[in-house]
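Engineer: Below are the sequence and a predicted model for it; my questions follow.
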Amino acid sequence: MLTVENLSFAYDTVPVLKNISFTIQKGQHIALIGASGCGKSTLLKIIYGLMDVDEGTLFWDDQQILGPAYNLVPGQENMKFLSQGFELQAFRTVEENIGQYLSNFEPELKRGRVNELLEIVEMTAFANTKVENLSGGQKQRVALAKALANRPEVLLLDEPFGNIDNFRRSSLRRNLFAYLKRNKITSITATHDKTDILSFAEETIVIHNGEIIEKGNTLDIYNNPKNYYIASLFGEVNELPIQSVLPEKQDSGILLFYPHELQIIDNAILTARVKKSYFNGNHYLIEAVFKNSIIFIEHPKFIENSKEIGIQISAEIVDARLQM
Ligand SMILES: Nc1ncnc2c1ncn2[C@@H]1O[C@H](COP(=O)(O)OP(=O)(O)OP(=O)(O)O)[C@@H](O)[C@H]1O
């Protein structure tokens, strides 16, 4: 179990993380989300033991995680940190890089392990290619395989799929998380991409300005976002005054809805005017003006600019949001 208690950290005098506490069970997959600059990478580096904290303690089971002031070689032995810059040896092949820290005593075993890792990251065809001749996304995949090579207990991933094209990203993500689950490897993934989160992280931690503002079951956080900031980390979000949705209610609060929760129908009580339709593949994202504010709605068809549309939100969703 990873236990982080009352952790605070500042670069020089600028506080970056404030009073962070959480625990992660062995084998769990956690997403770390928050706006750019909120402190995600810094937290991963501290967990890995690359920096000394100003306050607080960190433990992996009963072993305290200490920073460079206490460790000659910073970095936890049983963890791997895949940072945004990958530490690969440019003039050596993919195979050599992945196997760099594997024992040479049993060459068959080593070969088998490297082949298994090449398959996980879908790089078998590049086994003998020098790293300097790879694309950014391919390097990222090699770095991932190298991080897994010595079977870490904890994998810390900083935007792990950032450079990888969509075509590969989905299968790589599925392969990786299935491998981590099978091998009971704990993971913490700092990410901006909601597809990294929704299917693969059981729990999510939300950071805002260096503080944890939400943590819990990923689907609960997505389905019941406590505020606009949290909802917006999952994509576009509409912030509608309660009275604009339910005019009969004497309530000055606001409700949050994702674009797919709004429906465009004929003869609705609520109306909006279309500003632009954005093609998104399997749907259009309709930008419209509703009571002087911009809203976004997912819709299967293109709608011309300036057209008046009717909007409906299911009573079930409105009720769920009212109860939050
Ligand atoms: N070495 C450093 N020295 C001083 N300030 C730093 C250093 N590294 C990061 N910071 C600052 O600390 C804050 C948190 O940075 P961090 O990289 O942890 O954010 P992040 O949430 O990972 O951002 P992103 O999502 O853009 O990667 C930022 O304001 C950043 O400018």
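Structural biologist: Great, that's in hand. Numbers count the residues shown, from 1 in each chain.
Engineer: Can you name the residues in contact with the helix or strand of the chain with the lowest mean pLDDT?
Structural biologist: Lowest mean confidence among the helices and strands of the chain (mean pLDDT, DSSP states H and E): helix 194-197, at a mean of 84. Contact partners of helix 194-197, identified using Cβ atoms under 8 Å, 6 or more residues apart in numbering, comprise 31, 33, 160-161, 169-170, 173, 189, 191, 204, 218, 222, 233-235. To be clear about C-beta, it is placed using only N, CA and C from the backbone, and glycine gets the same treatment.
Engineer: same thing but at 7 Å, please
Structural biologist: Around helix 194-197, the neighbours that count as contacts under Cβ atoms under 7 Å, 6 or more residues apart in numbering are 31, 33, 161, 173, 189, 191, 204, 218, 234-235.
Engineer: from the residues you listed, which would you call buried?
Structural biologist: Taking 16 or more other Cβ atoms under 10 Å as the criterion, what is buried in the contacts of helix 194-197 is 31, 33, 161, 173, 189, 191, 204, 218, 234.
Engineer: confidence score at the spatially closest residue to the second one that is not a sequence neighbour?
Structural biologist: So that's Ile33. Leaving aside its sequence neighbours, Ile33 sits nearest to Leu233 (Cβ to Cβ, 6 or more residues apart in numbering; 5.0 Å). The per-residue pLDDT reported for Leu233 equals 95.
Engineer: How about the one 10 residues further on?
Structural biologist: Reading off the per-residue confidence, Gln243 sits at a pLDDT of 88.
Engineer: Could you measure from whatever residue of the stretch 201-324 of the chain ends up closest to the ligand over to Arg151?
Structural biologist: Across the stretch 201-324 of the chain, the shortest distance to the ligand (Cβ to the nearest ligand atom) belongs to Ile207, at 7.0 Å. Using Cβ to Cβ, to the nearest Å, we find Ile207 at a distance of 29 Å from Arg151.
Engineer: More neighbours: the two, which one.
Structural biologist: More crowded of Ile207 and Arg151, by other Cβ atoms under 10 Å: Ile207, with 24 against 10.
Engineer: Could you report the neighbour count for the residue nearest to Lys291 when sequence neighbours are not counted?
Structural biologist: Nearest residue to Lys291 in three dimensions, chain neighbours excluded: Ser244, at 5.1 Å (Cβ to Cβ, 6+ apart). Residues within reach of Ser244, counting by other Cβ under 10 Å, total 15.
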